[in-house]
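Undergrad: Dropping a prediction and its sequence here:
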Amino acid sequence: MPTRKKFLPEYLSFTRKERIGIIAVAVTAVVSTTIPTLYAFFHKPQPVDHTAFEKEIAALNVQEPDSGFAYPKRSYNDGNYRHYQSSEKNYYDKQTRGELFYFDPNTLSVDGWKKLGVREKTANTIQNYISKGGRFYKPEDISKIWGLRENEVNRLLPYVKIEAKPTMDYNKYPDQGKAKIYEKPTYTITPCDVNSSDTAAFIALPGIGSKLAARIVAFREKLGGFYKIDQLAETYGLPDSVFQKIKGRLVIGNSSVKKLNINTATVDELKTHPYLRYNIANAVVQYRLQHGSFSTVSDIKKIMMITEEIYNKAAPYLIAK
């Protein structure tokens with residue numbers, strides 16, 4: 001390990017090339033910092049004349065806006081901001097000037113509004129409002145027009161004359177304005193013949209659907225026809241409340257019914273009738289075999305199974321020949 005005495009000379013000594021490089025860097029640094037100072041000392045700047053430039057700016061400030069443009073040229077010079085506002089206001093005042101005359105805003109045409117100095121776009125907006133049923137009721141209503149500036153409203157307001165809306169001459173049209181009296185339509189109820197009506201006629205009755213209508217027709221076919229209206233109430237599934245509702249609309253056009261000959265009919269023929277069933281049909285046939293033919297329909301009352309109620313219901317469908 002090198003001693004302290006050898007350390008300092010070793011790192012603080014330079015070769016000939018290193019010394020030349022250090023001197024060159026030092027000279028360059030001195031020259032680069034000295035040249036700007038010497039240039040400013042020997043070179044004096046020439047004064048600039050701004051008079052011509054200021055005259056051009058002044059000419060631009062007073063120049064009138066070009067009439068070929070919809071808006072005046074704007075100058076954004078901070079010192080000329082107030083002048084811009086004033087010139088723009090004067091421009092709009094010039095644009096809104098027109099011939100003043102008394103007018104009704106409800107009847108004035110687009111050309112009339114333009115003659116007053118209103119822009120065509122605003123005039124078309126007013127005309128569109130009127131055509132859709134809009135109306136001005138008082139002069140102040142023109143302030144609600146979209147696109148009409150406040151200065152235009154103030155200029156036109158004294159000349160607004162709204163004519164009263166014409167009233168209708170009721171003497172000329174005596175029926176106009178009178179409340180119409182509507183007569184309640186009357187409906188003619190078509191009676192329903194219980195022995196000839198089809199399912200569609202029964203469905204037309206209140207409370208009767210397709211299923212009930214089909215059951216009524218099927219029950220009528222098994223009976224051989226109705227001989228009185230109350231029989232329809234015996235239809236399976238027909239509520240009594242519905243029957244009472246439709247009873248007044250039911251009629252019997254032909255009360256003749258299909259009859260069974262109790263002296264010739266078989267048990268199978270008799271039992272198909274809703275009022276007889278098998279036990280009654282069999283008793284009638286057995287009685288006939290034991291005692292001979294029936295002289296009258298009332299002879300079946302001699303059969304113990306046939307009650308007065310059964311006889312009264314079934315008798316209109318029986319015949320003894």
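TA: Great, that's in hand.
Undergrad: Please count neighbours and contacts with C-alpha atoms only from this point.
TA: Will do.
Undergrad: Tell me how many other residues surround C192.
TA: 21 (other C-alpha atoms under 10 Å).
Undergrad: who touches stretch 247-265?
TA: When contacts are defined by C-alpha atoms under 8 Å, 6 or more residues apart in numbering, stretch 247-265 is touched by residues 189-196, 223-229, 270, 284-285, 288, 293-294, 297, 316-321.
Undergrad: In helices, which of those residues fall?
TA: L223, L270, V284, V285, R288 (DSSP state H).
Undergrad: Tell me the pLDDT of F294.
TA: What the model reports for F294 is a pLDDT of 94.
Undergrad: so what's it up against?
TA: Contacts of F294 (C-alpha under 8 Å, 6+ apart): I262, N263, R288, I300, A320, K321.
Undergrad: Could you rerun that using 7 Å?
TA: N263, R288, A320 (C-alpha atoms under 7 Å, 6 or more residues apart in numbering).
Undergrad: any idea how far it is from M304?
TA: Relative to M304, F294 is positioned 15 Å away (C-alpha to C-alpha, to the nearest Å).
Undergrad: try I57
TA: Taken as C-alpha to C-alpha, the span from I57 to M304 is 139 Å.
Undergrad: looking at this structure, which helix or strand does the model trust least?
TA: helix 81-96 (a mean of 47; mean pLDDT, DSSP states H and E).
Undergrad: helices or strands up against whatever helix or strand comes next after that helix?
TA: Along the chain past helix 81-96, the next helix or strand (assigned with DSSP states H and E) turns out to be helix 110-115. On a contact count with 3 or more C-alpha pairs under 7 Å, 6 or more residues apart in numbering; DSSP states H and E, helix 110-115 meets helix 120-131.
Undergrad: in the helix it packs on, what's buried?
TA: Within helix 120-131, the residues scored as buried using 16 or more other C-alpha atoms under 10 Å are T122, A123, N124, I126, Q127, I130.
Undergrad: Equivalent analysis for stretch 206-226, please.
TA: Neighbour counts over stretch 206-226 (16+ other C-alpha under 10 Å) mark 208, 212-217, 219-220, 223-226 as buried.
Undergrad: From those residues, pick the one nearest P158.
TA: Nearest to P158 out of these is I208 (C-alpha to C-alpha; 75.9 Å).
Undergrad: Need phi/psi at the closest one.
TA: Here is the backbone geometry of I208 (degrees, to the nearest 10): phi -110, psi 120.
Undergrad: Could you check how far stretch 243-260 is from the centre of its chain?
TA: Per C-alpha atoms, centre = their mean, to the nearest Å, the displacement of stretch 243-260 from the mean C-alpha position of its chain is 52 Å.
Undergrad: For the residue nearest to L100 when sequence neighbours are not counted, give me its contacts.
TA: Nearest non-adjacent residue to L100, counting by C-alpha to C-alpha, 6 or more residues apart in numbering: L116, 5.7 Å away. By C-alpha under 7 Å, 6+ apart, the contact list for L116 reads G98, E99, L100.
Undergrad: swap in V153?
TA: Going by C-alpha under 7 Å, 6+ apart, V153 touches I142, S143.
Undergrad: pLDDT value on it, please?
TA: 85.
Undergrad: Tell me how far the spatially most central residue of the chain lies from Q290.
TA: By C-alpha atoms, centre = their mean, the chain has its centre lying nearest to K132, at 21.1 Å. Counting by C-alpha to C-alpha, the gap from K132 to Q290 is 100 Å.
Undergrad: do the same with W146
TA: W146 is 112 Å from Q290, by C-alpha to C-alpha.
Undergrad: Tell me which of these two has more neighbours.
TA: W146 (11 against 8).
Undergrad: Domain boundaries for the chain, per the record?
TA: Per the record, the chain has its domains at 95-159, 192-251, 260-319, by automatic domain parsing.
Undergrad: Including distance to A52, could these go into CSV?
TA: Output for those, formatted as CSV (distance: least, C-alpha to C-alpha, whole Å):
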stretch, distance to A52
domain 95-159, 35
domain 192-251, 107
domain 260-319, 130
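Undergrad: between the ones you listed, which one is nearest to A24?
TA: domain 95-159 (77.4 Å).
Undergrad: Tell me how far stretch 262-274 lies from the chain's centre.
TA: Distance, centroid of stretch 262-274 to centroid of chain: 68 Å (C-alpha atoms, centre = their mean).
Undergrad: mind listing what's buried in it?
TA: Neighbour counts over stretch 262-274 (16+ other C-alpha under 10 Å) mark I262, N263, V267, L270, K271, H273 as buried.
Undergrad: Quick check: the two most widely separated of those?
TA: Across the buried residues of stretch 262-274 (C-alpha to C-alpha), the longest gap, 15.7 Å, separates N263 and H273.
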